[in-house]
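**Q** dropping a prediction and its sequence here:
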Amino acid sequence: MMYTVGHKIPDSDSTCSALSLAYLMNKLGREATPAVQGKLNPETKFILKTFGFEAPQLKQNFDGDNVFITDHSDRAQSHDLTKATIVGIVDHHKLGDMTSKAPLECWIRPVGCTNTIVKEMYDFHKVAIPKGIAGLMMSAILSDTVIFKSPTCTPVDIAAVEELALIAEVDDYRAFALEMFKVKSKIEGTPTKDLVLRDFKDFEMNGKKIGVGQLEVVDISLFDDIKDDLMNDLKTFKNDGRNSMLLLLTDIIKEGSELLVVSDDEAKIEDAFDVKLTNNKAWLEGVLSRKKQVIPNLETAFAN
Ligand code: MG
Ligand code: MG
Ligand code: MG
């Protein structure tokens, strides 16, 4: 038995790739169960409901289990996997620090979404994608690529969405995606602490722990009244053993992000993005992608 599972704070790609990969593995005669390592966000719940799926089982301990990792390869982004056997990785991020005791299967490509690579796995194995699974995969790609606007998006992602939309029988996938991002934008009633952690990742950079959260919304003014609270939460999380806490408030229509920062190395952050922070904030024009436009800059700034 193996588990397919994405990163610790699940997003739609991690959750949908656990489901789509598990289906493929089972078709190939490799018994697999999809899992998630944390609670699902509203966008992911919307996608699962739309295409008729239950949430994968919540699992945080993989001692003695075989795991096929999706959507990450950094140990910091999983619960402890030292007693698990990693049998495979399918991912579209920078290569992380996971390793294995035995040979493993790796599908790692610089495309916009893990589900785009899972789609290539289906094609490689000549397995037909069922309607519901196609809907999940299409949604994840539209989410991760911010409806193709992210610089991480490639022609392969766009072609995959077009093919998957046909299988899923979604006539207007752009309209569907906008509806999905409206669900993602709903923040009222959610404690600001939970918003900071909704799409959050820790990174190790030169021995320093740096947390980076991102909230992608259709209108950044949604945050006007809660920015001070968000900033206070960043301070609290930074005091929990981190060098820096960053939060990207991404406006997918304006195509840019407001960066909120609390850091022991503010000068390095300013350096990383070539900006001056004003009250711990800066507007980053054109920045939509954490993995491509934020993390590499921070890695460079913190390298010395
Ligand atoms: Mg992800
Ligand atoms: Mg992803
Ligand atoms: Mg994302």
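**A** Received it, and whenever you're ready, just let me know what you need. Ligands and ions are numbered 1, 2, ... in the order given.
**Q** just the element for the single nearest residue of the stretch 151-300 of the chain relative to ligand 2, please.
**A** Residue of the stretch 151-300 of the chain nearest ligand 2, by Cβ to the ion: Lys291 (8.1 Å). The C-beta positions use only the backbone N, C-alpha and C, and glycine is treated the same way. Assigned by DSSP states H and E, Lys291 falls within helix 290-293.
**Q** dump that helix to CSV, restricted to CA.
**A** What follows is helix 290-293, C-alpha atoms only, in CSV (Å, rounded to 0.1, in the frame of the first residue of the first chain):
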residue,chain,number,x,y,z
ARG,A,290,6.0,32.7,-4.9
LYS,A,291,8.1,29.9,-6.4
LYS,A,292,9.4,31.8,-9.4
GLN,A,293,9.4,35.5,-8.4
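**Q** interface residues of the stretch 151-300 of the chain facing ligand 1?
**A** By Cβ under 5 Å from the ion, no part of the stretch 151-300 of the chain sits against ligand 1.
**Q** what lies in contact with the very next helix or strand once past the helix holding Lys291?
**A** Using DSSP H and E, the helix or strand that directly follows helix 290-293 along the chain is helix 295-302. Here helix 295-302 makes contact (Cβ atoms under 8 Å, 6 or more residues apart in numbering) with 94, 203, 205-206, 208, 210, 212, 246, 265, 268-269, 271-273.
**Q** enumerate the residues of the stretch 1-150 of the chain near ligand 2.
**A** Contact residues (Cβ under 5 Å from the ion) of the stretch 1-150 of the chain with ligand 2: Asp13, Asp71, Thr114, Asp144.
**Q** just put the residues you listed in CSV and tack on neighbour count, secondary structure and distance to ligand 1.
**A** Below are these laid out as CSV (neighbours: other Cβ atoms under 10 Å; DSSP: H, G, I helix; E, B strand; the rest coil; distance: Cβ to the ion, whole Å):
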residue, neighbour count, secondary structure, distance to ligand 1
Asp13, 30, helix, 4
Asp71, 30, coil, 4
Thr114, 33, helix, 7
Asp144, 27, helix, 7
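**Q** spit out the contact partners of Gly6.
**A** Listed by Cβ under 8 Å, 6+ apart, the contact set of Gly6 reads Asp13, Ser14, Thr15, Ser17, Ala18, Val36, Gln37, Ile69, Thr70, Asp71, His72, Thr114.
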